[in-house]
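A.B. asks: Provide a 3D model corresponding to the input given below.
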Amino acid sequence: MRLWLVAAPVTAFLLSFIVGRYPLGVDTVVRVLAAEWSLVTPDWPAAVRTVVVDVRMPRILAGMLVGGGLALSGACYQGVFRNPLVSPFTLGVSAGAGFGAALAILLFPAPGLVLTSAFLFGLLAVGLCFLLARGGGAAPLVLVLAGIVVGAFFTALLSLVKFLADPEAKLPLIEFWLLGSLANAGRSEVLMLLAVVVPCGGLLLAMRWRLNLLALGDDEARALGVDAGRFRFMVVGLATLIAAGTVSVAGIVGWVGLVVPHAARLLVGADYRRLLPASAAMGACYLLLIDDLARTLTAGEMPIGVLTALVGAPIFAVLLRRGRVAWS
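C.D. replies: Numbers count the residues shown, from 1 in each chain. This is a model prediction of the structure:
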């Protein structure tokens with residue numbers, strides 16, 4: 001494993017603590033974190049610990065898990081579908097999660113219920129894609145087309161919920177959630193991400209060498225001992241769990257799962273043994289940078305979904321201009 005895969009996320013993790021309205025130095029952050037493990041004796045105001053441990057740490061951890069999870073999920077989707085234009089949201093998970101969150105905000109606006117509803121409806125959307133694609137043998141093209149249909153259906157349901165929502169109380173909450181934010185990320189959200197992203201991501205990383213075989217085609221993969229259909233279902237299922245978990249916590253954060261794998265492919269090549277770890281590390285750093293910008297650029301807080309699009313679209317355009325991205 002290359003050193004930068006560890007050094008870059010650790011550096012971004014520490015530097016993100018010093019960004020914000022309450023100025024902090026790196027040495028102070030390190031000492032506060034060390035004090036949590038009883039390695040040093042606290043000699044700073046209680047407000048400093050509150051900012052570092054209770055406010056910024058959950059948000060930073062959530063940002064790393066969301067960014068790394070979306071990038072890892074996107075790289076897996078692109079490998080499974082052998083298509084550089086797919087993302088974790090191709091099978092309608094974002095539309096389903098958006099409808100689930102909007103429905104919960106409209107009917108049961110408790111934070112825990114919103115998160116749970118978004119997660120479950122995101123999984124339901126992908127499940128419907130597989131049901132629709134069964135007649136076509138769950139082939140990649142059929143799945144993508146099913147994703148378009150399911151995504152359109154849940155988008156229509158979302159529009160209906162927004163139409164029914166109170167324009168002064170409920171509708172702004174729905175719109176803000178859909179734009180994406182880590183402002184409400186707390187310990188419960190971090191624990192939820194850890195419970196979903198870490199085990200699913202670990203399994204995907206453990207199986208990453210098989211994605212190289214799948215890239216050769218179904219017949220070649222089967223000749224080398226890999227059941228392409230079953231393996232594709234397993235990878236898409238794990239990647240979807242990650243995508244649904246991240247969307248339920250952060251809202252719809254686009255472009256991360258599309259752009260970051262392309263950038264990682266330029267750096268480390270198309271070998272999935274290197275590509276998946278690189279995508280996860282770069283995704284974590286990228287979304288931390290976006291979130292740092294979101295909470296410092298203006299007096300208010302900009303939605304990270306807006307910034308990922310503003311930053312990601314030009315980056316993707318540059319990658320397209322360079323052309324010849326290595327695809328196996």
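A.B. asks: okay, CA-based contacts and neighbour counts for the rest of this
C.D. replies: Noted.
A.B. asks: middle-most residue in this protein, spatially?
C.D. replies: Leu70 (2.8 Å; C-alpha atoms, centre = their mean).
A.B. asks: from the contact counts, what lies against the strand or helix carrying Leu211?
C.D. replies: Using DSSP states H and E, Leu211 maps to helix 208-214. With contacts taken as 3 or more C-alpha pairs under 8 Å, 6 or more residues apart in numbering; DSSP states H and E, helix 208-214 sits against helix 57-81, helix 218-223, helix 272-294.
A.B. asks: that older thread, if I read this right, the residue nearest to the centre of the chain contacts Gly245, doesn't it?
C.D. replies: No. With contacts counted by C-alpha atoms under 8 Å, Leu70 stays clear of Gly245, the gap being 9.7 Å.
A.B. asks: distance check, the residue in the chain sticking out farthest from the centre against Met57.
C.D. replies: In the chain, counting by C-alpha atoms, centre = their mean, Asp43 sits farthest out from the average C-alpha position, at 37.3 Å. In this view, Asp43 and Met57 are 20 Å apart by C-alpha to C-alpha, to the nearest Å.
A.B. asks: next: Leu224.
C.D. replies: Distance from Leu224 to Met57, by C-alpha to C-alpha: 45 Å.
A.B. asks: now do Ala146
C.D. replies: 39 Å.
A.B. asks: ok, Pro167 next?
C.D. replies: 34 Å.
A.B. asks: more neighbours, the two?
C.D. replies: Neighbours were tallied for Pro167 and for Met57 using other C-alpha atoms under 10 Å; the higher tally belongs to Met57 (22 against 11).
A.B. asks: before we move on, the earlier item: so for the helix holding Leu211, what gets flagged as buried?
C.D. replies: For helix 208-214, burial by neighbour count (16 or more other C-alpha atoms under 10 Å) applies to Arg208, Arg210, Leu211, Asn212, Leu213, Leu214.
A.B. asks: ok, the third one - contacts?
C.D. replies: The contact partners of Leu211, taken as C-alpha atoms under 8 Å, 6 or more residues apart in numbering, are Cys76, Gly79, Val80, Tyr272.
A.B. asks: pLDDT on the helix holding Leu211, on average?
C.D. replies: Average pLDDT, helix 208-214: 84.
A.B. asks: turn the buried residues of helix 208-214 into CSV, including distance to Gly257.
C.D. replies: Below are the buried residues of helix 208-214 laid out as CSV (distance: C-alpha to C-alpha, whole Å):
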residue, distance to Gly257
Arg208, 17
Arg210, 20
Leu211, 17
Asn212, 19
Leu213, 22
Leu214, 20
